[in-house]
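*Asks:* Attaching a predicted model along with its sequence, questions to come.
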Amino acid sequence: MHVQSGQMHAVKRIFCSVGLVCLGCASHAPAGVRTSTTKASTVSIVGVGAQRPPHALALPEVNEPEPLTWRVSCDPDTISDITGVNGDDLWAIEGERNLLHFDGIEWSVALKSPFPVAALFANAIDDVWAVGSGSVLRYDGHEWKRIETGSNLSLVAVWAAARNDVWFAGNESGKPQILHFDGVQLQPYRTMDFGPTMLNDIWGTSPSDVWAVGGQTVAHFNGSDWSIVPLPSTVFGNRSVELRTIWGSGKGDCWFAGNAPRGPSDWPYRTEVLAYHFDGNRWKESPLPYLNIDHPTVRKLRGHGAKSVWLVGDGFRMQFDGKRWQTMPINRPPLPRAAAVWVGSSNDIWLADQSLAHWDGSRLLGRPSHAPGACGDTPDLQLTDI
């Protein structure tokens with residue numbers, strides 16, 4: 001099963017119109033955005049008349065020119081994941097089936113998956129993985145190919161150390177499962193006793209340092225085998241923590257984040273966000289800014305080095321600068337679901353909810369406002385089995 005590269009280039013590009021938000025900047029704009037010289041109005045970054053949150057980044061007021069050509073999601077189910085090896089070659093999931101591609105200038109729909117896609121990972125520009133309900137897609141730089149798992153396994157995450165060393169996390173019939181691809185075969189790895197835990201994420205920093213999480217369970221691969229990591233009782237205390245995401249820059253710098261009820265009877269209606277750091281020897285809970293939100297569900301942890309780590313979720317965005325976490329204000333409160341983040345560097349960051357917005361270290365581009373007729377004509381490119 002495959003889609004020829006010629007078909008992909010023939011895909012009609014879809015555009016939607018949004019406003020350009022510029023925080024304390026002049027007329028600088030990233031590739032693919034045409035600047036405007038029209039008169040701008042002044043608005044507050046946290047809303048007109050609103051008070052800046054005590055932990056929010058101190059940002060000046062913003063100027064909002066006339067709408068510019070920019071790519072936003074045409075699907076109300078949001079953009080759920082972003083991946084890439086550099087800022088000129090990115091992939092994203094729109095809704096459940098559209099795979100978007102960014103070539104450094106503009107976003108376009110590259111493929112419509114035959115199954116719901118849950119997660120992406122780019123190991124190289126010619127080695128990109130997409131996983132979901134019972135299947136795996138792999139892009140080799142020219143075409144997408146489908147690899148069947150041979151089961152009803154629902155894959156939720158993928159991470160690759162190399163082309164022949166790829167890990168997958170999923171769940172089947174309520175039981176967690178880890179799979180491995182060795183360059184030839186995709187097959188289940190040794191089953192571990194995760195208890196009632198469902199896996200939520202998998203990530204690694206090297207072939208001998210791979211992590212998987214779900215519930216209050218943390219599993220680790222040391223290059224030879226997987227094992228359940230015994231956590232000190234002081235890590236979670238008496239809280240019912242649900243770990244949802246992982247990211248790390250190295251063996252001595254791994255982050256884990258999730259949710260827990262604020263009180264004994266609050267789950268699942270009132271929860272708090274929790275983040276933990278592992279330095280290679282010691283686990284420590286990291287203080288986070290208070291969020292006045294009933295259910296701020298954690299979605300993604302991603303970063304670039306120890307001083308540029310981002311945590312996003314429903315109703316919040318946070319950044320860790322190497323010393324402390326700070327909330328990032330947004331120009332359209334209340335913030336909708338923030339489902340994904342990609343960090344190329346401290347000044348090359350993509351954030352996604354119902355739009356794709358770019359942060360260059362001082363300004364955020366993106367406020368969705370669909371252009372008439374721009375949505376609803378997504379190319380229906382179906383894959384066939386190999």
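*Replies:* Cool, got the structure.

*Asks:* Run through the stretch 251-386 of the chain and note the low-pLDDT ranges.
*Replies:* Counting by pLDDT under 70, the ranges of the stretch 251-386 of the chain that qualify are 264-269, 329-338, 354, 366-386.

*Asks:* how about a cut-off of 50?
*Replies:* 331-335, 367-386 (pLDDT under 50).

*Asks:* Same check on the stretch 51-200 of the chain?
*Replies:* Ranges of the stretch 51-200 of the chain meeting pLDDT under 50: 51-76.

*Asks:* Break down it into its strands, ranges please.
*Replies:* Ranges of strands within the stretch 51-200 of the chain are 62-64, 68-70, 79-86, 89-94, 98-102, 107-112, 117-124, 127-132, 135-139, 144-148, 154-162, 165-172, 175-181, 186-188, based on DSSP state E, counting those that start in this stretch.

*Asks:* Which one of the ones you listed lies nearest to S206?
*Replies:* Counting by C-beta to C-beta, S206 lies closest to strand 154-162 out of the strands of the stretch 51-200 of the chain; the figure is 6.6 Å. Just so you know, the C-beta spots here come from the backbone N, C-alpha and C atoms, and that holds for glycine as well.

*Asks:* Now do the buried residues in that closest one.
*Replies:* S154, L155, V156, A157, V158, W159, A160, A161 (16 or more other C-beta atoms under 10 Å).

*Asks:* same thing with stretch 203-217?
*Replies:* W203, G204, T205, D209, V210, W211, A212, V213, G214, G215, Q216, T217.

*Asks:* mind giving me a markdown table with the residues you listed and columns for distance to V341 and pLDDT?
*Replies:* Output for the buried residues of stretch 203-217, formatted as a markdown table (distance: C-beta to C-beta, whole Å; pLDDT from 0 to 100):
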| residue | distance to V341 | pLDDT |
| --- | --- | --- |
| W203 | 14 | 97 |
| G204 | 18 | 97 |
| T205 | 18 | 95 |
| D209 | 22 | 96 |
| V210 | 21 | 97 |
| W211 | 18 | 96 |
| A212 | 20 | 96 |
| V213 | 18 | 95 |
| G214 | 20 | 93 |
| G215 | 23 | 90 |
| Q216 | 24 | 90 |
| T217 | 24 | 92 |
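
*Asks:* Mind putting those residues into JSON lines with secondary structure?
*Replies:* Formatted as JSON lines, the buried residues of stretch 203-217 follow (DSSP: H, G, I helix; E, B strand; the rest coil):
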{"residue": "W203", "secondary structure": "strand"}
{"residue": "G204", "secondary structure": "strand"}
{"residue": "T205", "secondary structure": "strand"}
{"residue": "D209", "secondary structure": "strand"}
{"residue": "V210", "secondary structure": "strand"}
{"residue": "W211", "secondary structure": "strand"}
{"residue": "A212", "secondary structure": "strand"}
{"residue": "V213", "secondary structure": "strand"}
{"residue": "G214", "secondary structure": "strand"}
{"residue": "G215", "secondary structure": "strand"}
{"residue": "Q216", "secondary structure": "coil"}
{"residue": "T217", "secondary structure": "strand"}
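
*Asks:* Tell me the one among the residues you listed nearest to S108.
*Replies:* Nearest member of those to S108, counting by C-beta to C-beta, is W203, at 27.9 Å.

*Asks:* residues in contact with that closest one?
*Replies:* A157, W159, V210, W211, I246, W247, G248 (C-beta atoms under 8 Å, 6 or more residues apart in numbering).

*Asks:* For the fourth one, which non-adjacent residue is spatially closest?
*Replies:* Across the structure, with C-beta to C-beta, 6 or more residues apart in numbering as the measure, the residue nearest W211 apart from its sequence neighbours is I246 (5.1 Å).

*Asks:* Identify each buried residue in the helix or strand the one you found falls within, please.
*Replies:* Assessed by DSSP states H and E, I246 sits inside strand 242-250. By 16+ other C-beta under 10 Å, the buried positions in strand 242-250 come out as E242, L243, R244, T245, I246, W247, G248, S249.

*Asks:* so what's the nearest residue to T297 once chain neighbours are set aside bridging to?
*Replies:* Nearest in space to T297, with sequence neighbours left out and distances taken as C-beta to C-beta, 6+ apart, is D314 at 4.4 Å. With DSSP bridges as the criterion, D314 is bridged to R337.

*Asks:* hang on, the residue nearest to W211 packs against F256?
*Replies:* Yes: the criterion here is C-beta atoms under 8 Å, and I246 meets it with F256 at 5.5 Å.

*Asks:* Pull up the overlap in contacts between the two.
*Replies:* Counting by C-beta under 8 Å, 6+ apart, the shared contacts of I246 and F256 are W211, V213, L301.

*Asks:* so, if you compare those residues, which one comes nearest to L100?
*Replies:* Using C-beta to C-beta, the shared contacts of I246 and F256 come closest to L100 at L301, 21.5 Å.

*Asks:* What strands flank the host helix or strand of that closest one, and is each parallel or antiparallel?
*Replies:* In the assignment (DSSP H and E), L301 maps to strand 298-303. According to DSSP bridges, strand 298-303 has the following sheet partners: strand 309-313 (antiparallel).

*Asks:* In the stretch 201-350 of the chain, mark out all the strands, start to finish.
*Replies:* Secondary structure of the stretch 201-350 of the chain by DSSP E, counting those that start in this stretch: the strands cover 201-206, 209-214, 217-221, 226-228, 242-250, 253-261, 271-278, 283-286, 298-303, 309-313, 316-320, 325-327, 340-345, 348-352.
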